[in-house]
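Trainee: I would like to see how this sequence folds:
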Amino acid sequence: MSDDEQLNPVRLWREWFVKSEKAWSQAMTDMMGDERFSKGMGRYMQEALHSHRMFSESMAQYLANLNLPSRQDVLDVSDRLGQVEDALASVQVELRELRMRLAQGVAPASPQAGVAKPARTKRPPEPV
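Mentor: Down below sits the predicted model:
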């Protein structure tokens, strides 16, 4: 090997980095494999979820006192708006179909198409 290959700072840094990464990975694997770590992490997650729930409830109460919508209220409105948009889209489709039928000269299908209509005269219907 030449002196340039031995003193290459990038190669030396890369070797140090790879060795450090392996050492850290092994240390973390050993630490997370311990039962105490698992129990501690479980307790921490339970406490974090509890504090998040308490904060959410208190913020919802605070917003209700100020007569402002909460996150859930906004999500509910969003869901309702989505339903309205879906209904509007279906009405638009039906309207397009109706316009195409009218443009082609085809009479639109009415719900009472099969029902016989009375004769249109000036005389009242005869009693039975």
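
Trainee: any idea how the protein splits into domains?
Mentor: 9-68, 69-104 (automatic domain parsing).

Trainee: now do whichever strand or helix holds Met28, average pLDDT.
Mentor: Element membership of Met28 [criterion: DSSP states H and E] is helix 9-32. Helix 9-32 comes out with an average pLDDT of 92.

Trainee: got it, and stretch 70-87?
Mentor: Mean predicted confidence for stretch 70-87 is 94.

Trainee: repeat that for stretch 93-100.
Mentor: Average pLDDT, stretch 93-100: 94.

Trainee: next one: it to chain centre, how far?
Mentor: From the chain centre to the centre of stretch 93-100 is a distance of 31 Å (Cα atoms, centre = their mean, to the nearest Å).

Trainee: repeat for stretch 64-79
Mentor: 17 Å.

Trainee: what are the buried residues along that stretch?
Mentor: Ser70 (16 or more other Cβ atoms under 10 Å). In short, each C-beta sits where N, CA and C put it, glycine included.

Trainee: again with stretch 33-45
Mentor: Buried-residue list, stretch 33-45, by 16+ other Cβ under 10 Å: empty.
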